[in-house]
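> predicted model follows, preceded by the sequence.
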Amino acid sequence: MQQSVEAWIDSSHLMRKLTALGRYVFMTDGAIGRREEPNLRHVTINLGEESDRSRIIPILTTKHSLEYCLEFAQRSYVLGFTSLVVLGGDKSDDTPRCVEHAYELRRLIRQAVPGITLGGWASPHGGRRQVEFMLHPEYSADFYMAQIVSHYQSRVLDEFLNEAVRLGVKIPGIFGVFYYRSTNAKTLALLSQFFPVPIEDLQRDFKADQSPDEICARSVHALIQSGVKNVYISNLPVPTAAVRLGRIEARLQEMLVVS
């Protein structure tokens, strides 16, 4: 319990720092977490009235009752969280979804809370089919979050981006970069259940003494070079996230000057 309280204090401090710097924060309990309710409550209580809640974006999965999901969206908007990402949720347990597909929940939220900005989901690793999902007339999203991609996977990223342009996707995307802290075999194996992890490439570069900051910066740089305009970084260590983000951004600026 004490560890949970300390983790929330650290998270609240980090969100204050990042939003004050003009950054956006996507708020979730973790890759396989489903506890959106505690997130919203803690943020509302701990951040205070002075924080810009419009820069904090909750992530909601369909793995709740429909009543809960609609109430969560309405309450988020009333509390000043003007954007919401709606995902299907992982399938690693037996918790059912309230709808078969996330776009169905987004459509219902759009009807119930017409002023809220909604985010969807896409995987660059899924190729053309993932692009086609976003072109569905009922996709009901103003932007999409893209699954984790790294500079080791530039070909996959370029193919996805080319298809998005060719097929006429109009909504903007925010592409994910994962902050790999180590090459711990168990950790990488767990992550591989959720997105393609370039294990051999990571092992090679860590062995060559490339730091986590450097590897992350290279991935962000590769996305920018491919034409991506919006990037989110996942898995930054909370207590030092602001400092590490600063280092990554400084290194990225060096790379952009050279390129």
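Looks like it arrived, so ask away.
> rest of the way, CA atoms for contacts and neighbours
Fine.
> can you give me the strands for the stretch 151-259 of the chain?
Under the criterion DSSP state E, counting those that start in this stretch, the stretch 151-259 of the chain contains strands at 173-178, 231-234.
> pairing partners for the first one, with directions?
Sheet neighbours of strand 173-178, with direction, are listed as strand 143-148 (parallel), strand 231-234 (parallel) (DSSP bridges).
> and those: which comes nearest G22?
Relative to G22, the nearest member of the strands paired with strand 173-178 by CA to CA is strand 231-234, separated by 13.5 Å.
> return the closest one as PDB; C-alpha atoms alone will do.
The C-alpha coordinates for strand 231-234 follow below in PDB (Å, rounded to 0.1, in the frame of the first residue of the first chain):
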ATOM      1  CA  VAL A 231       5.600  10.900 -30.900                       C
ATOM      2  CA  TYR A 232       4.900   9.500 -27.400                       C
ATOM      3  CA  ILE A 233       7.500   7.800 -25.300                       C
ATOM      4  CA  SER A 234       6.300   4.800 -23.100                       C
END
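> ok so, going back, most tightly surrounded among the strands paired with strand 173-178?
Greatest average neighbour count among the strands paired with strand 173-178 goes to strand 143-148 (a mean of 20), per mean count of other CA atoms under 10 Å.
> so how far is that one from its chain's centroid?
The chain centre lies 7 Å from the centre of strand 143-148; the measure is CA atoms, centre = their mean, to the nearest Å.
> check stretch 166-181 too.
On CA atoms, centre = their mean, the centre of stretch 166-181 falls 10 Å from the chain's centre.
> now swap in stretch 67-80 and tell me
20 Å.
> ditto for stretch 208-222
With CA atoms, centre = their mean, you get 19 Å for stretch 208-222.
> just tell me which of the strands paired with strand 173-178 ends up closest to L108.
Per CA to CA, nearest to L108 of these: strand 143-148, 16.7 Å.
> quick one: contacts of that closest one?
Outside strand 143-148, the residues that touch it by CA atoms under 8 Å, 6 or more residues apart in numbering are 118-125, 171-178, 195.
> who are the contact partners of the nearest residue to F133 once chain neighbours are set aside?
Distance criterion CA to CA, 6 or more residues apart in numbering; nearest residue to F133, sequence neighbours excluded, is Y139 at 7.1 Å. With contact taken as CA under 8 Å, 6+ apart, Y139 is in contact with 103-104, 106-107, 120, 133.
> Y139: helix or strand, and which one exactly?
Per DSSP states H and E, Y139 falls between elements, in no helix or strand.
> so where is the protein shaky, pLDDT-wise?
1-10, 29-39, 48 (pLDDT under 70).
> buried ones in the helix or strand harbouring R75?
Applying DSSP H and E as the criterion places R75 in helix 66-78. Buried residues in helix 66-78, counted by 16 or more other CA atoms under 10 Å: 69-70, 72-74, 76-77.
> and stretch 241-255, by the same measure?
Using 16+ other CA under 10 Å as the test for burial, stretch 241-255 gives 241-242, 244-245, 248-249, 251-252.
> circling back: ok now the helix holding R75, how far from the chain's centre?
On CA atoms, centre = their mean, the centre of helix 66-78 falls 20 Å from the chain's centre.
> one more: stretch 83-97?
Relative to its chain's centre, stretch 83-97 lies at 14 Å (CA atoms, centre = their mean).
> now swap in stretch 99-107 and tell me
Using CA atoms, centre = their mean, the offset of stretch 99-107 from its chain centre is 18 Å.
> buried ones in that stretch, by neighbour count?
The neighbour-count check on stretch 99-107 (16+ other CA under 10 Å) flags 102-107 as buried.
> count of neighbours near E214?
Per other CA atoms under 10 Å, the neighbour tally for E214 reads 17.
> picking up where we left off before, including distance to A217, could the buried residues of stretch 99-107 go into JSON lines?
Below are those laid out as JSON lines (distance: CA to CA, whole Å):
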{"residue": "A102", "distance to A217": "31"}
{"residue": "Y103", "distance to A217": "32"}
{"residue": "E104", "distance to A217": "36"}
{"residue": "L105", "distance to A217": "35"}
{"residue": "R106", "distance to A217": "33"}
{"residue": "R107", "distance to A217": "36"}
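> no further queries at this time; thank you.
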